[in-house]
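Undergrad: Sequence plus predicted model, see below.
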There are 2 protein chains.
Amino acid sequence: MAHTRWLDGDEQRTWRAFLAANRLLMDSLDRQLQHDAGIPHTYYEILVRLSEVPDRALRMSQLAASSMSSRSRLSHAVARMEETGWVRRRECATDRRGAVCELTDAGMEAIKAAAPGHVEAVRTHLFDQLTPEQVVALREISEALAKHLGGDGVWPLDDKAS
Amino acid sequence: MAHTRWLDGDEQRTWRAFLAANRLLMDSLDRQLQHDAGIPHTYYEILVRLSEVPDRALRMSQLAASSMSSRSRLSHAVARMEETGWVRRRECATDRRGAVCELTDAGMEAIKAAAPGHVEAVRTHLFDQLTPEQVVALREISEALAKHLGGDGVWPLDDKAS
DNA sequence: CTCAACCGATTGAGAGTTCAACTATTCCGG
DNA sequence: CCGGAATAGTTGAACTCTCAATCGGTTGAG
């Protein structure tokens, strides 16, 4: 790289505000969930993905992709949540290397208990602070970034309504 | 809370795209910095704040606020970076409880070495993916959120220019 | 059929973060 | 001045995350 394309003043300001907003928001949500439900936000995301899928079960790799988690992180997280009885690991029928992670009833209860407080926090700290137009803009921005960064397995991305 | 204000379909989609984009972006930047410069992004932020301030020195609490770090996190981080010789701790002249953190020359060199690669990553993964209008929107959104969440000591927030 | 390359997932060590507890100092009402 | 409350910062334990190494299972070229 011969010549660095530095950020200009506006870009700097945008970038710093973005960093600040993200860290403050995520830290806040993490604290809320940890305090009220005893789990970090990343674990909550994993449980939610499982809860929305047929049979409440997914292959580890699919679960990792859909929760934006590295394989390693997911392995540790699932091990941890298996101890507390929220998920269970089964062998995969079609690929003996694979593992299927399944949400238990206790795990489902845990989500249901944690969800209202979490959703309320997301609403008050995010959506309540933005105009409807900003919400639309935020979605378009986020989808563009995630698409570029290869966030697969998260949204429809396709479907109708386009 | 009697009744939870759940997210509607559009809000869900926005929220998930936002989560995906943020995690992917931050993980990517963190990996880049860790790989090319051997420091996590949070440490980089701390060093940058110090580098921009008179005397390259700040009280711990101010440094924590301006880098969106908890006191504890900053303490650990500074201890770590002091070992590697990038910062130095001095007593505060006006308050014997206080400590002043100062960027060393070696620390300054470390930033200068890390900056080009980092800035390039921010550009390619963020700004290059957005239209100028989206950059403006992102700044307004981020500033609204950060302001609500009490992100002080980060921007001017005041100053001239409206 | 065989073996090497690849894939799915786990593991352990090292590093960063959080929380709560703690020390030391300053502030302030009486 | 005294003593309690607040402030600045640090510390250790518990926990999460990352990275690289590893292991068994699968796949495909020859």
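TA: Noted; the coordinates are in hand.
Undergrad: Which residues of chain A lie near DNA strand D?
TA: Contact residues (C-beta under 7 Å from any atom of the strand) of chain A with DNA strand D: A:39-40, A:42-43, A:69-70, A:72-73, A:76-77, A:80, A:95-97. Every residue, glycine included, has its C-beta placed from N, CA and C.
Undergrad: And whichever strand or helix holds A:Glu109, what does it pack against?
TA: Here A:Glu109, judged by DSSP states H and E, is contained in helix A:105-125. Helix A:105-125 sits against helix A:9-37, helix A:41-51, with contacts defined as 3 or more C-beta pairs under 8 Å, 6 or more residues apart in numbering or on different chains; DSSP states H and E.
Undergrad: pull the CA atoms of that helix into CSV?
TA: Output of helix A:105-125 as CSV, limited to C-alpha atoms (Å, rounded to 0.1, in the frame of the first residue of the first chain):
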residue,chain,number,x,y,z
ASP,A,105,-37.4,-26.9,27.5
ALA,A,106,-35.4,-25.3,30.2
GLY,A,107,-33.6,-23.3,27.6
MET,A,108,-36.8,-22.2,26.1
GLU,A,109,-38.0,-21.1,29.5
ALA,A,110,-34.8,-19.1,30.0
ILE,A,111,-35.4,-17.2,26.7
LYS,A,112,-39.0,-16.5,27.5
ALA,A,113,-38.0,-15.1,30.8
ALA,A,114,-35.2,-13.0,29.4
ALA,A,115,-36.9,-11.7,26.3
PRO,A,116,-39.2,-9.0,27.6
GLY,A,117,-36.5,-7.1,29.4
HIS,A,118,-34.1,-7.4,26.5
VAL,A,119,-36.6,-6.3,23.9
GLU,A,120,-37.5,-3.4,26.1
ALA,A,121,-33.9,-2.4,26.3
VAL,A,122,-33.4,-2.6,22.6
ARG,A,123,-36.5,-0.5,22.1
THR,A,124,-35.6,2.3,24.5
HIS,A,125,-31.9,2.5,23.6
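Undergrad: Is chain B within reach of the helix or strand following that helix?
TA: The helix or strand immediately downstream of helix A:105-125 is helix A:132-148, counting by DSSP H and E. Yes - shown here: helix A:132-148 in contact with chain B (C-beta under 8 Å from any C-beta of the partner chain) through A:134-135, A:137-146, A:148.
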